[in-house]
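Participant: could you work out the structure for the sequence below:
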Amino acid sequence: MQNLTFSPWIGKNYGKSEYGKLLIIGDSHYFNNGLPNNLENFTKAQIAELDDISSNFHKTILKIFNHHTHKEFWDKIAFANAVQSAFTNADQVPTNVEKDIAERAFKEYLEIVKPEKVIVFSSRLWEHFFNKSGWGNHLGKINDRWNVRALDYVGGTCKAMGLHHPSSRGFSVPEFQKVIQDFLRF
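Facilitator: Sure, this is the predicted structure:
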């Protein structure tokens, strides 16, 4: 885990549900009240308490996937945030160095989780990862807009797609429900 500050969440039913091995990548963690003592296990601890305390990001993800409780959904997937720095607010923008580290962290998450499908809910990171040559092959588009790529990792290959962050202006749950359904069948 050379580039990882935060270990990924891997649900107890990961790979055994209707989603198969689905990894969701978010953008970053925000800490308004100081840093916790254990950053490595922060993502796991955060997901474990979502039915009590959840952010707009997590609530929107539930809506997109038509689930009513966090436990019901998050036990079926793997999740990690790509940016490995602790942000203090949602308006904070990662530096190019932080985005480069996020790209290396993303590759490590693939090797740990070994997904079949990946959805990156961060346009800025997706574009940083793939607006250069050298990694993955373009497989096609959904709705003539959303690029799907094949990504190789040690021990496998997955299909990946990048979407807007659920907290971004104009994010439409019904629109992205359809896009994700199409991607899961891709």
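Participant: quick one: the strands in the chain?
Facilitator: The residue ranges that make up the strands of the chain, judged by DSSP state E, are 9-10, 22-26, 29-30, 78-81, 86-87, 117-121, 137-142, 146-153, 156-163.
Participant: neighbouring contacts of the helix ranked longest in the chain?
Facilitator: Ordering each helix of the chain by length in residues (DSSP state H) puts helix 96-113 first. For helix 96-113, the external contacting residues (C-beta atoms under 8 Å, 6 or more residues apart in numbering) are 1-4, 8, 10, 14, 21, 23, 25, 78, 80, 82-85, 94, 118, 120, 124-125, 128-129, 151, 153-155, 158. Every residue, glycine included, has its C-beta placed from N, CA and C.
Participant: list buried residues within the residues you listed.
Facilitator: The neighbour count (16 or more other C-beta atoms under 10 Å) marks 4, 8, 10, 14, 21, 23, 25, 78, 80, 82-85, 94, 118, 120, 124-125, 128-129, 151, 153, 158 as buried among the contacts of helix 96-113.
Participant: give me the distance between residue 80 and residue 60.
Facilitator: In this structure, residue 80 and residue 60 are 17 Å apart, going by C-beta to C-beta, to the nearest Å.
Participant: so who does the nearest residue to residue 65 once chain neighbours are set aside touch?
Facilitator: The shortest distance from residue 65 to any non-neighbouring residue, by C-beta to C-beta, 6 or more residues apart in numbering, is to residue 73 (5.8 Å). For residue 73, the contact set (C-beta under 8 Å, 6+ apart) comprises 61-62, 65, 67.
Participant: how near is residue 73 to residue 40?
Facilitator: 23 Å.
Participant: over to residue 96?
Facilitator: Here the distance between residue 96 and residue 40 works out to 25 Å (C-beta to C-beta).
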